[in-house]
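A.B. asks: When you get a sec, could you give me coordinates for this:
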Amino acid sequence: MRQDAQENRERILAAAEEVFGAHGAAGSTEEVARQAGVGIATVFRHFPAKEDLVEAALLRHFDGLAARVRSLAAGPDPAAAWDTLVRTMIGTGATKLTLASALPGSGGFPDRAVAASNRVKTAVGEVLRQAQEHGAVRSSATIEEVYLLIRALSQASATMQIRRDTLDRAVDVVLAGLSQPAG
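C.D. replies: The predicted structure follows:
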């Protein structure tokens, strides 16, 4: 793909993640084109149907999150990585849920989105394991429990008007509940 076409594609996907992440299926390809600074024909040249664009934006979201989580896992401080990971996943979870809800049909995620989601979960599991070995997270916490807590706060963020400071305090409660008890 030519460099300019690749740059257009990336701007379109970034705009789609923002537009569909905020508005779900009600988001328009016209708004995506406007935010990306391209014509609507350029959007459709890259993504022939709106559902193709939404799926690609969801894949971009997962790929970006997986890269961020892998970077955290490679860092020197497992406790800080854990804190950043949970805050990042909750902070971006509403976008993911809204993008997923904008996909047509009720047959679940497309196979590529499932695979991308699984890559994120594997990376999250590594950060969790490191934090547990470091003593920052209780050893009894499972990835399924962590995902349930993250999804709960993400779902609340996606469906309710929550003040940022309230969400931050709720995340603090989740992190405290997952931390290794003293003694």
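
A.B. asks: now G21, nearest residue through space, not along the chain?
C.D. replies: Leaving aside its sequence neighbours, G21 sits nearest to T95 (CB to CB, 6 or more residues apart in numbering; 3.5 Å). Any C-beta I mention is one placed from the backbone N, CA and C, and that applies to glycine too.

A.B. asks: thought that neighbour was touching A16?
C.D. replies: No: counting by CB atoms under 8 Å, T95 does not reach A16; the two are 11.0 Å apart.

A.B. asks: Looking at these two, which is more packed in?
C.D. replies: The neighbour count for T95 versus A16, taken as other CB atoms under 10 Å, is higher for A16 (30 against 21).

A.B. asks: Hmm, the more buried one is touching A56, no?
C.D. replies: Yes: counting by CB under 8 Å, A16 touches A56, with 7.1 Å between them.

A.B. asks: count of neighbours near the nearest residue to G177 once chain neighbours are set aside?
C.D. replies: Among residues not flanking G177 along the chain, L149 sits closest, at 7.9 Å (CB to CB, 6+ apart). Neighbour count of L149, defined by other CB under 10 Å: 21.
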